[in-house]
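In: the sequence isn't on hand, but the structure is:
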């Protein structure tokens, strides 16, 4: 199979300029950018994704480009376009790749209401998925990166996409977004980890994306079955502790982490309830990554 | 020069035709329909005409998503009406729902898959102050606080400055007529109140008679200065007309009512572009005998403005003139709204106020220009 990684740098940039089709699980993007930084980031992060000849229907037309005017020369800025709209304020040019990833998340979170959309990571081992709804700073992405690098299949880091008919989970296998100290923690955890460019001083601090493993990308056609919902909490010096969380309480937290719980009305309630019903729900405190991984392995043993 | 939107119009007219669209066509039509606020409408049409199982899965998913948004908005409106009925319980006289709120509350033909942004209420002028006071007690807060804007709305407009609910953030427009007091075209509101019918489900509220719904929809469309929703509003009008046309003497009654309310001219444009773009089955004679029909020259001129303006929603269907046409219609909307002796001082004041506000903002480092420029639309 021809992958995006097999294209030469020039060829990749040329295709991105004209519109590059990228299938990510159930969604197909048409991405455009004239920025080398964006092209190189995409080529590196999505190297294992299949090459798509373009044409046909795209779910989202997205573009990252320079903001016109004098800004081109003085502290250049970039912006994100969803079709003809600009949902965000411009950002410094050094954050162009991160902006594309955020924009791609935004497309799904704001449009794909034919799914229940949770702000949660989801990974799979032994055909059982673990959903990790995360408050900022809870250590969700660090855990996600470490699990993926330990052989778990990554379905998604930011967005858990739940099918409205059977409650299964659609994989996206897009890069994991790591922030601040977690970047060094994961570099130290596994020297094979492939990172994109580091964007500093973003609204989330320092951000760098971690390339999804080849196995995760290869599994993108296979939906996952949810088995556990784990609410992680990283705390300096904390003992590793997994404790059952009452389901009613887990439901309320899960609904809080959904992008479109109230928009979907009754269906949103039913999908959340169904998910909590079929999963075991846990609180998870940790500070030591190795111990955390062992707890997760026991969960899906 | 015709806009590149014939597939979108075809889908709106003949939903069955959607089964023949290829993937590249959908790539364009879904974007155009989304930008025009009509994707939910296409979804409703696909469901009703039984073709949805023949649409590509990815396309139907987008329609389904938009239908979910539309349903949520309709639920939100119903809930808002429950709250508003409480706020307005002690008010004398009728409270008439207009446009989106009326369509949603009474499940009228345009409601299926329709998105909307605010709630429009119509009360008799004599009740306006009491209604405003009752709404304020219920938590609705006015906008446009400058003395000038207040005077502008209260003296010349057909509505108060938009009100926003302090907690629910819903936006409400309180009207006392269909057209501004200062407008060239005058229409009496009394017959609309007289013909309005109370809703069984929300007895505090009424909806206008079916003919008046058509006339208001057309009047709103052809007096507005903003065209992003132009095609969507035309689709509303088409749905109302098609539903009404099955009744006996419909067209005669519509023409007579338009004459009585002095709204023949907007009706003429509504009928003309509905039949031109959406092939609404309007008998030729009805358009010819419409009471406010402008001259052939004026009609040709307006064609050159309205048709490109309907196509402003998405860059792929915009034609070279769309921007100019939309601007021309924006100017026209002001021209229709008030005579020059009022309009010129108004625009001068707004330009001056806008410039000084811009200066104040840039010295304060604020980034609120968009709101500043919106105020001039008033």
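Out: Yep, that arrived. The shown structure was predicted, so the numbers you read here are calculated from the model rather than taken from an experiment.

In: quickly find the element holding residue A:129.
Out: Assigned by DSSP states H and E, residue A:129 falls within strand A:128-133.

In: mind listing the strands that strand pairs with, and their directions?
Out: Strand A:128-133 has its sheet partners listed here by DSSP bridges as strand A:115-125 (antiparallel), strand A:226-234 (parallel).

In: can you pull the residues of the stretch 51-200 of chain B lying near chain A?
Out: B:56, B:58-59, B:61-62, B:64-66, B:68-69, B:71-72, B:75 (Cβ under 8 Å from any Cβ of the partner chain). Heads up, the C-betas are built off the backbone N, CA and C, glycines and all.

In: how's the chain carved up into domains?
Out: I'll assume chain A. A:4-111, A:115-299 (automatic domain parsing).

In: correction: the question concerned chain B.
Out: B:6-338, B:342-375.

In: and those domains as JSON lines, adding mean neighbour count and mean pLDDT?
Out: Listed next are these as JSON lines, based on neighbours: other Cβ atoms under 10 Å in any protein chain shown; pLDDT from 0 to 100:
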{"stretch": "domain B:6-338", "mean neighbour count": "19", "mean pLDDT": "90"}
{"stretch": "domain B:342-375", "mean neighbour count": "13", "mean pLDDT": "54"}
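
In: among those domains, which is nearest residue A:301?
Out: Closest to residue A:301 of the domains of chain B, according to Cβ to Cβ: domain B:6-338, at 36.1 Å.

In: what residues does the stretch 251-378 of chain B put near chain A?
Out: Residues of the stretch 251-378 of chain B lying near chain A (Cβ under 8 Å from any Cβ): B:314-315.

In: the stretch 251-378 of chain B: helices as residue ranges?
Out: Assigned helices in the stretch 251-378 of chain B, in chain order: B:264-278, B:284-288, B:296-310, B:322-337, B:340-364, B:369-375 (criterion: DSSP state H, counting those that start in this stretch).

In: export the ones you listed to a markdown table and tack on distance to residue A:273?
Out: Compiled in a markdown table, the helices of the stretch 251-378 of chain B are given as follows (distance: least, Cβ to Cβ, whole Å):
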| stretch | distance to residue A:273 |
| --- | --- |
| helix B:264-278 | 43 |
| helix B:284-288 | 54 |
| helix B:296-310 | 44 |
| helix B:322-337 | 47 |
| helix B:340-364 | 48 |
| helix B:369-375 | 41 |
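
In: out of those, nearest to residue A:291?
Out: helix B:369-375 (51.0 Å).

In: now residue B:305. Nearest residue, chain neighbours left out?
Out: residue B:325 (4.6 Å; Cβ to Cβ, 6 or more residues apart in numbering or on different chains).

In: ditto for residue B:144
Out: In this structure, residue B:144 finds its nearest non-sequential neighbour in residue B:161, 3.9 Å apart by Cβ to Cβ, 6+ apart.

In: and the one you found, what is it in contact with?
Out: Contact analysis of residue B:161 by Cβ atoms under 8 Å, 6 or more residues apart in numbering or on different chains lists B:142-144, B:149-150, B:153.

In: thinking again about what came up before, spit out the contact partners of the residue nearest to residue B:305.
Out: B:304-309, B:312.

In: the residues of the stretch 51-200 of chain B next to chain A in helices, which ones?
Out: B:58-59, B:61-62, B:64-66, B:68-69, B:71-72, B:75 (DSSP state H).

In: partner residues bridging residue A:82?
Out: Assessed by DSSP bridges, residue A:82 has beta-bridge partners residue A:62, residue A:85.

In: gap between it and residue A:30?
Out: 11 Å (Cβ to Cβ, to the nearest Å).

In: and for residue B:354?
Out: According to Cβ to Cβ, residue B:354 and residue A:30 sit 38 Å apart.

In: and residue A:50, by the same measure?
Out: Distance from residue A:50 to residue A:30, by Cβ to Cβ: 15 Å.

In: higher neighbour count, the two?
Out: The neighbour count for residue A:50 versus residue A:30, taken as other Cβ atoms under 10 Å in any protein chain shown, is higher for residue A:30 (22 against 14).

In: for residue B:327, give me its contacts.
Out: Under the contact definition (Cβ under 8 Å, 6+ apart), no residues are listed for residue B:327.

In: what's the nearest residue to residue B:233 once chain neighbours are set aside in contact with, if anything?
Out: Distance criterion Cβ to Cβ, 6+ apart; nearest residue to residue B:233, sequence neighbours excluded, is residue B:221 at 4.5 Å. Applying Cβ under 8 Å, 6+ apart, we find residue B:221 in contact with B:230, B:233-234, B:237, B:266, B:269-270.

In: is residue B:221 located within a strand, as I assumed?
Out: No: counting by DSSP: H, G, I helix; E, B strand; the rest coil, one finds residue B:221 to be helix, located in no strand.

In: before we move on, the earlier item: which two of the contacts of residue B:221 have the greatest separation?
Out: Using Cβ to Cβ, the pair of the contacts of residue B:221 lying farthest apart is B:230 and B:266, separated by 13.4 Å.

In: please determine how far the closest residue to chain A within the stretch 201-350 of chain B is located from residue B:322.
Out: Going by Cβ to the nearest Cβ, chain A is nearest to residue B:315 of the stretch 201-350 of chain B, at 5.2 Å. The spacing between residue B:315 and residue B:322, counted by Cβ to Cβ, is 9 Å.
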